[in-house]
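1. structure for the following, please:
(one chain, ligands or ions: 1)
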Amino acid sequence: MHADLERLIRLQQIDLFGESARRRVADHPSLAQGLDTRLASATDGLETARARVAENQAARRAVEKDLAMIQTRLSKFKGQLMDVKTNKEYQAMLKEIEAAQTEVRHLEDRILERMLEADELAARQKNAEARLAADKQVIACERTQLEEETTRLQRELEEATSKRAQLVAEVAPGPLSTYELVRGRRGTAVAEVKGDYCSACHVRLRPQAANELRRNDMLFQCESCQRILYYPPAAAPAAENGTGAHS
Ligand SMILES: [Zn+2]
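-> Just a heads-up that it's a prediction; the model follows:
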């Protein structure tokens, strides 16, 4: 293979790696923020569940307080029942007692409702606790992976930068400026030929060009997209006819 062609192929590999690694590193802050958001949401979920348990308990205590008041009044009425002088007063007192008893039943029903609700809220709180514990673990793990990846990519980018500088120094000025020019315009400057077509722009090579290029011993630009073309090294025989395949 033409020495500069081979170098330009390697140069493009380094450049493509660099671009994707830089994009990935640039994504990291928003990925880390996504982890913060997930953790905050699980924490909020637990706080909400706890607040609802506390509200339920407070509401139940308020009803219990009302109930105690009514019960005090009820026993006072019952005590006064012995002291009434007239039948009219007696009837009036019975009415008061009946009303208070109705109120007692009503408040007892409300306490029962709160107790049922308390069971459900306790279950929800337990779920929220479990979810937060699980999320904390997963998020911590993902955060570590993200940090490790950042460190690794930054190291690899430094290595790529120095490899690139070395490679650039070895390529002749003409091919190098062609590479940079086409890369600036097209994003990539080197393309494989696949089945006599430029794999980047899908335009077919003229037969003569294809024949000359097949040996990869020259620098040849696609007539359509200007990318520097090469034939990929012959692929290894496909494994599908390998041994041991029975059907
Ligand atoms: Zn092309």
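
2. stretch 210-220: end-to-end distance?
-> 10 Å (CA to CA, to the nearest Å).

3. any idea how far that stretch is from the middle of the chain?
-> Here stretch 210-220 is found 47 Å from its chain centre; the criterion is CA atoms, centre = their mean, to the nearest Å.

4. and the ion, is it touching that?
-> No. Stretch 210-220 lies out of reach of the ion by CB under 5 Å from the ion, never closer than 10.8 Å. All C-beta spots, glycine's among them, are computed from the backbone N, C-alpha and C.

5. what is the mean pLDDT for that stretch?
-> For stretch 210-220, mean pLDDT rounds to 88.

6. likewise stretch 115-123?
-> 97.

7. could I get the buried residue list for it?
-> 117-118, 121 (16 or more other CB atoms under 10 Å).

8. the strand of greatest length in the chain: partners in the sheet, and parallel or antiparallel?
-> If you go by DSSP state E, the chain has its longest strand at strand 190-194. Note on strand 190-194: by DSSP bridges, its sheet partners are strand 197-198 (antiparallel), strand 228-230 (parallel).

9. which one, of those, ends up nearest to Asn127?
-> strand 197-198 (57.5 Å; CB to CB).

10. ok, then the element right after the closest one?
-> helix 207-213 (DSSP states H and E).

11. so what does that next one touch, helix or strand wise?
-> The elements that helix 207-213 packs onto, with contact taken as 3 or more CB pairs under 8 Å, 6 or more residues apart in numbering; DSSP states H and E, are strand 220-221.

12. list the contacts of the strand it packs on.
-> 178, 182, 209, 212-213, 227-229 (CB atoms under 8 Å, 6 or more residues apart in numbering).

13. what residues does the protein have near the ion?
-> So far as CB under 5 Å from the ion goes, the chain lies against the ion at 198, 200-201, 222, 224-225.

14. now the two most distant members of the residues you listed.
-> Ala200 and Ser224 (9.1 Å).

15. picking that back up, out of the residues of the chain next to the ion, which are buried?
-> Using 16+ other CB under 10 Å, the buried ones in the residues of the chain next to the ion are 198, 200, 222, 225.

16. turn those into a markdown table, including distance to Leu74.
-> Formatted as a markdown table, these follow (distance: CB to CB, whole Å):
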| residue | distance to Leu74 |
| --- | --- |
| Cys198 | 96 |
| Ala200 | 91 |
| Cys222 | 98 |
| Cys225 | 95 |
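
17. low-confidence ranges, the chain, go.
-> 235-247 (pLDDT under 70).

18. break it into its domains for me.
-> Using automatic domain parsing, the domain parsing of the chain gives 3-170, 173-230.

19. which of these sits most buried?
-> domain 173-230 (a mean of 16; mean count of other CB atoms under 10 Å).

20. and that one, how far out from the chain's middle?
-> 40 Å.

21. endpoint to endpoint, that domain covers what distance?
-> Domain 173-230 end-to-end distance (CA to CA) = 19 Å.

22. all helices of the protein, in order?
-> 3-81, 87-170, 173-186, 207-213 (DSSP state H).

23. now do the first one against helix 87-170: the angle between them, please.
-> Using axes from the mean of the first three to the mean of the last three CA atoms, to 10 degrees, the interaxial angle of helix 3-81 with respect to helix 87-170 works out to 170 degrees.

24. follow-up on the earlier one: could the helices of the chain go into TSV alongside distance to Lys194?
-> Output for the helices of the chain, formatted as TSV (distance: least, CB to CB, whole Å):
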stretch	distance to Lys194
helix 3-81	15
helix 87-170	25
helix 173-186	17
helix 207-213	11
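
25. out of those helices, which gets nearest to Val193?
-> Among the helices of the chain, the nearest to Val193 by CB to CB is helix 207-213 (6.6 Å).

26. need the residues that contact the closest one.
-> Outside helix 207-213, the residues that reach it (CB under 8 Å, 6+ apart) are 193, 196, 205, 218, 220, 223, 229-231.

27. again, but for stretch 79-86
-> With CB under 8 Å, 6+ apart, stretch 79-86 has contacts from 90, 93-94, 97.
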